[in-house]
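In: Turn this into a structure:
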Amino acid sequence: MHGMSIGKESAMRSNRRTLTMAALLAGALALTSTTMAQTSPPQGNAAPTADNAVLLTVFFKHDQSRPLNELNAQLDRQGFHKAFPPPGIEVVSWYVMMGIGQVITLRLPASRLREVNRVIEDTAWGSYRTEFYPTYDYKAVGMAQHDKATAN
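Out: Next up is the predicted model:
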């Protein structure tokens, strides 16, 4: 590079940077496409156990711009009541929250999370807007804290 002009030297450095960035981008895209490939969700009788169970709270928010009988008819057409909850998924609680809709807590093996999501997408959307919250049981901890605080 001794006899090279400053313009050529700068252009070569710029080309090297461009090639390096292109190689990094290509590698990142290859990695992303590999990790994003989806397989079929495990179906079947996988049951929740202490080491694989998750609690999931689902908010089914009513579309309040439409009458209830219309919403229920759509749920029936889409097969919601037949498909939800999927077989083997435990319903821990199922409440109506007035002004919001239905709030359901499910216990399921983590491996079936996608299956539950797909059932909801295929059968509940349109009648409900949905929200999902990972949940855990805090009752024993909360009550122990209360008991400790009131014992003094």
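In: mind saving the C-alpha coords of the strand or helix carrying E121 as CSV?
Out: Taking DSSP states H and E as the criterion, E121 maps to helix 113-123. This file holds the C-alpha atoms of helix 113-123, laid out as CSV (Å, rounded to 0.1, in the frame of the first residue of the first chain):
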residue,chain,number,x,y,z
LEU,A,113,-48.6,-24.3,24.2
ARG,A,114,-48.6,-23.9,20.4
GLU,A,115,-51.6,-26.3,20.1
VAL,A,116,-53.6,-24.3,22.5
ASN,A,117,-52.7,-21.1,20.7
ARG,A,118,-53.7,-22.5,17.3
VAL,A,119,-57.1,-23.7,18.7
ILE,A,120,-57.8,-20.2,19.9
GLU,A,121,-56.6,-18.6,16.7
ASP,A,122,-58.8,-20.9,14.6
THR,A,123,-61.9,-20.9,16.6
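In: Now do the buried residues in that helix.
Out: Of all the residues in helix 113-123, those buried under the rule 16 or more other Cβ atoms under 10 Å are L113, E115, V116, V119, I120, T123. Heads up, the C-betas are built off the backbone N, CA and C, glycines and all.
In: Using a markdown table, lay out those together with distance to T135 and pLDDT.
Out: Formatted as a markdown table, those follow (distance: Cβ to Cβ, whole Å; pLDDT from 0 to 100):
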| residue | distance to T135 | pLDDT |
| --- | --- | --- |
| L113 | 13 | 95 |
| E115 | 18 | 97 |
| V116 | 13 | 97 |
| V119 | 18 | 97 |
| I120 | 16 | 97 |
| T123 | 22 | 97 |
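In: Which parts of the chain are helices?
Out: 6-36, 68-78, 80-83, 113-123, 139-151 (DSSP state H).
In: weakest of these by average pLDDT?
Out: Mean pLDDT is lowest for helix 6-36 among these, at a mean of 54.
In: picking that back up, now tabulate the buried residues of helix 113-123 in a markdown table and tack on distance to W94.
Out: Output for the buried residues of helix 113-123, formatted as a markdown table (distance: Cβ to Cβ, whole Å):
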| residue | distance to W94 |
| --- | --- |
| L113 | 19 |
| E115 | 19 |
| V116 | 14 |
| V119 | 15 |
| I120 | 14 |
| T123 | 16 |
